[in-house]
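**Q** How does the following fold in three dimensions:
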Amino acid sequence: MSFQIFSEGSPLPTSMVRDMVNSGAFHEIANDTNCVRHHIFHFSMRHKKTGKTQKSILFAIYETEKHGPQNGYRLCLVHQGFYIASPERKEGDPEDEIDKLEKPIPQGHEEMAILGSAGQLGGDEEEAEG
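**A** Residues are numbered from 1 along each chain as shown. Now for the predicted structure:
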């Protein structure tokens with residue numbers, strides 16, 4: 001068993017993040033055009049009227065035709081409430097956050113991307129009273 005307490009002063013070790021990504025517990029999505037957009041659209045329980053995700057999802061993005069974190073990855077968290085219009089980018093639309101996630105991933109690159117915001121989480125009341 002590996003055990004690690006982490007905080008602002010003691011971040012989670014990169015080796016543990018690699019272990020999580022390499023575990024196969026996350027969906028592995030290619031960075032090919034519209035693959036990330038399609039995954040978010042279909043796996044986040046998108047609300048048909050608002051276009052917002054109804055649940056948060058976490059997945060790993062790999063360079064198309066390469067597998068495993070040793071080749072580079074983006075770990076992506078999409079928060080509940082993130083707006084996504086469609087499963088495919090319409091021609092002529094301006095580049096958005098999802099298009100940036102589908103850009104090439106350099107060999108050995110490790111990155112985390114977060115789409116949307118968490119909103120108010122429990123335990124933040126003390127900071128708000130400040």
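**Q** show me the contacts for the nearest residue to Q80 once chain neighbours are set aside.
**A** Among residues not flanking Q80 along the chain, S56 sits closest, at 4.8 Å (C-beta to C-beta, 6 or more residues apart in numbering). The C-beta positions use only the backbone N, C-alpha and C, and glycine is treated the same way. Contact analysis of S56 by C-beta atoms under 8 Å, 6 or more residues apart in numbering lists 44, 77-80.
**Q** can you rerun that using 10 Å?
**A** 44-45, 77-82, 114-116, 118 (C-beta atoms under 10 Å, 6 or more residues apart in numbering).
**Q** For M45, see how far away it is.
**A** 10 Å (C-beta to C-beta, to the nearest Å).
**Q** Quick check: neighbours shared by these two?
**A** With C-beta under 10 Å, 6+ apart, S56 and M45 have common neighbours Q80.
**Q** To what extent is D99 buried, counted in neighbours?
**A** Using other C-beta atoms under 10 Å, the number of residues around D99 comes to 15.
**Q** what's near enough to touch the nearest residue to T50 once chain neighbours are set aside?
**A** In this structure, T50 finds its nearest non-sequential neighbour in Y83, 7.7 Å apart by C-beta to C-beta, 6+ apart. Residues near Y83 by C-beta under 10 Å, 6+ apart: 46-47, 50-53, 96, 115-116.
**Q** where exactly do the strands run in this protein?
**A** Listed in chain order, the strands of the chain (DSSP state E) span 27-30, 57-62, 73-78, 110-115.
**Q** Quick one, grab the pLDDT at the nearest residue to K103 once chain neighbours are set aside.
**A** Using C-beta to C-beta, 6+ apart and skipping residues adjacent in sequence, the residue nearest K103 is N31, 7.1 Å away. For N31, the model assigns a pLDDT of 94.
**Q** Kindly report the same for the one 3 residues further on.
**A** In this model, N34 is scored at 95, pLDDT.
**Q** Against C76, how distant is it?
**A** Taking C-beta to C-beta, one finds N34 at 15 Å from C76.
**Q** do the same with L12
**A** 16 Å.
**Q** ok, those two, which is more surrounded?
**A** Per other C-beta under 10 Å, whichever of L12 and C76 has more neighbours is C76, with 23 against 12.
**Q** Alright, that wraps it up for me.
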